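Visitor: I would like the atomic coordinates for the input below:
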Amino acid sequence: MIRSRIITALLAGVMVPATAQAEVSSSTRTVASTQAVPPEASATANVKGSSPLTALIAEALENNPEIQAALQEREAARHRILPAGALDDPLLEAGVINAPLASSPFNREDMTMKMIGLSQRLPFPGRRGLRQDVAAKDAEAVGYGYQETVNRIVRGIKTAYFDLGLTLE
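Guide: Below you'll find the model as predicted:
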């Protein structure tokens, strides 16, 4: 009975829109950033025999759609790094200019031009590496956004848990 009340209160606290939640305090960021294990790895570790708070945090890290979306965005940003340094696609062109409409062979009119072309854009030396560096920095920024999302959700769970504990006393 108490467990179902706790889960209901915590889920109600977690489901609050992101605009209604306050910004993560600097002390919470410091504590979360000092964790040696990434959240997805620590979510399933030591759930049995641990406190209910740890189990609730682990469940939120595994099942929260906002965290899952941020994780997918982080992985997508990581996969955009290598293609950023690739060459542009080559261009194949084929064309006919001044072709007479009355006759079908192309060699009867002297002004008929037939052309086939293949081109490849080559960036200035060093630009491809810079594009990869920019994509890597973008992926790093998205990773920080993912960590901020995890910290915000965990903070919301902890706040709801301890508010519920104070209410039940």
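
Visitor: Please report the distance of Ile116 from Ala77.
Guide: 39 Å (CB to CB, to the nearest Å). Heads up, the C-betas are built off the backbone N, CA and C, glycines and all.

Visitor: between these two, who's got more neighbours?
Guide: Each of Ile116 and Ala77 has its neighbours counted (other CB atoms under 10 Å); Ala77 has more, 19 against 8.

Visitor: Let me see the contact set for the more buried one.
Guide: Ala77 makes contact with Ala135, Asp138, Ala139, Val142, Gly143, according to CB atoms under 8 Å, 6 or more residues apart in numbering.

Visitor: got a pLDDT number for it?
Guide: Ala77 is assigned a pLDDT of 97 by the prediction.

Visitor: From here on, call the first residue 870.
Guide: Renumbered: residue one is now 870, and that last one reads Ala946.

Visitor: In this structure, where is pLDDT below threshold?
Guide: Applying pLDDT under 70 to the chain flags residues 870-918, 971-979.

Visitor: And for Gln937, the neighbour number?
Guide: Look at Gln937: counted by other CB under 10 Å, it has 13 neighbours.

Visitor: Surely it is in a helix?
Guide: Yes - under DSSP: H, G, I helix; E, B strand; the rest coil, Gln937 sits within a helix.

Visitor: how about the strands in the chain?
Guide: Assigned by DSSP state E, the chain shows strands spanning 960-966, 982-988.

Visitor: could these go into a markdown table alongside distance to Arg997?
Guide: Shown next, in a markdown table, are those (distance: least, CB to CB, whole Å):
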| stretch | distance to Arg997 |
| --- | --- |
| strand 960-966 | 18 |
| strand 982-988 | 18 |
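
Visitor: right, and those - which one's nearest Leu1033?
Guide: strand 960-966 (63.1 Å; CB to CB).
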